[in-house]
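coordinates only, no sequence provided:
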């Protein structure tokens, strides 16, 4: 590795470390106390529910060949 490669590697490493610190700080400030209550009955109802209908074409063209 030459001097330019080492400098680039160091700069990339610093940027990645700073980004990870920022993401961790944001998570800690806003999301660390957040919790999601999971009700097994409601999850089962969503899984068993009928699938949604396919959207209708609004372009006026038919798919017939």
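Now that the structure is in, tell me what you want to look at. Since we're looking at a predicted model, the values are computed, not measured.

where in this structure is pLDDT low?
The model of the chain has pLDDT under 70 over residues 50, 52-65.

right, and the helix or strand after whichever strand or helix holds residue 5?
According to DSSP states H and E, residue 5 maps onto helix 3-30. Using DSSP H and E, the next helix or strand after helix 3-30 towards the C-terminus is helix 40-48.

and the contacts of that following helix?
Here helix 40-48 makes contact (Cβ atoms under 8 Å, 6 or more residues apart in numbering) with no residue beyond itself. To be clear about C-beta, it is placed using only N, CA and C from the backbone, and glycine gets the same treatment.

and it, which residues are buried?
Of the residues in helix 40-48, none count as buried by neighbour count, 16 or more other Cβ atoms under 10 Å.

from the middle of its chain, how far away would stretch 33-43 be?
19 Å (Cα atoms, centre = their mean, to the nearest Å).

going forward, count from 558.
Sure thing, new numbering starts at 558, so read that last one as stretch 590-600.

now the terminal residues of that stretch, how far apart.
Terminal residues of stretch 590-600 lie 23 Å apart, using Cα to Cα, to the nearest Å.

again with stretch 590-603
With Cα to Cα as the measure, stretch 590-603 spans 26 Å from end to end.

now that stretch, how far from the chain's geometric center?
That offset, for stretch 590-603, works out to 19 Å (Cα atoms, centre = their mean).

equivalent analysis for stretch 560-577, please.
Using Cα atoms, centre = their mean, the offset of stretch 560-577 from its chain centre is 25 Å.
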